[in-house]
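Undergrad: let me see the structure of the following:
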Amino acid sequence: MTDHTCAACGAITSPHDVVSVAAPDGAYRLLCSRCFNIEMASLADVHAFEHPEFTPIRLPDANGVVHEFHLRSLLFGDHLSLEAFELASGDEDCAGFRFQLLGDPQTDPFELLGQMVQKIRRALAIRHVVERAGQLEIAGTTVRGRIEWDDSQDGRLPCVVIDGRRIDWTDFGTMLMMCEGWQFRLELIDPSDEA
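TA: Sure thing, here's the model as predicted:
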């Protein structure tokens, strides 16, 4: 894990709480989420915006396994984004479950947090893959997940994150072969929408 220094306040910040911001001259600087939100509030003319800080929350999945979610809020002009994500063990990489909600910047952040908790609970209640005889299989006929960059493929192929578990494209293809001959529907959904 490599911590970063915020270019505005000088705080040492973990990688999951920094934002790379482009300047008009094309240079980039790293800001902690608090400084990013202060700058965005000024640029968007959002008055009396207070940067919310949340402690991590722990919620169980359908199998009773508890997941710890870190939270971060980012102001994007007329929207406040609340993100909840798991950090990979021993790392600051957001590799497990990840969720996002958008709200009005003047919304009570704890109201948005309540909505986030409900969204996470709904997602954790459903298993899309199961392990049988040491092999992952699709649990039913619907699979929900997230498309991610796969370093080992240099951007040629993605990997997917299903049930908070990173699965490379080849393994996902093997799982799909159990449904050979079936039809499918692929629908891409914005991270802030309900999947």
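Undergrad: show me where the chain has helices.
TA: Counting by DSSP state H, one finds helices in the chain at the ranges 33-43, 109-124, 169-176.
Undergrad: so what does the shortest one touch, helix or strand wise?
TA: Based on contacts counted as 3 or more CB pairs under 8 Å, 6 or more residues apart in numbering; DSSP states H and E, the elements that helix 169-176 packs against are strand 135-138, strand 158-162. All C-beta spots, glycine's among them, are computed from the backbone N, C-alpha and C.
Undergrad: between those strands, which one is closest to Leu102.
TA: strand 158-162 (20.6 Å; CB to CB).
Undergrad: ok now that closest one, how far from the chain's centre?
TA: 13 Å (CA atoms, centre = their mean, to the nearest Å).
Undergrad: need the winner for burial among the helices and strands packed on helix 169-176.
TA: Mean neighbours per residue, mean count of other CB atoms under 10 Å, is largest over the helices and strands packed on helix 169-176 for strand 158-162, with a mean of 19.
Undergrad: give the other helices and strands that the top strand by length along the chain contacts.
TA: When the chain is parsed with DSSP state E, its longest strand is strand 66-76. The contact analysis (3+ CB pairs under 8 Å, 6+ apart) places strand 66-76 against helix 33-43, strand 57-60, strand 79-85, helix 109-124.
Undergrad: how about these in JSON lines, adding mean pLDDT and mean neighbour count?
TA: Shown next, in JSON lines, are the helices and strands packed on strand 66-76 (pLDDT from 0 to 100; neighbours: other CB atoms under 10 Å):
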{"stretch": "helix 33-43", "mean pLDDT": "93", "mean neighbour count": "18"}
{"stretch": "strand 57-60", "mean pLDDT": "96", "mean neighbour count": "13"}
{"stretch": "strand 79-85", "mean pLDDT": "94", "mean neighbour count": "20"}
{"stretch": "helix 109-124", "mean pLDDT": "95", "mean neighbour count": "15"}
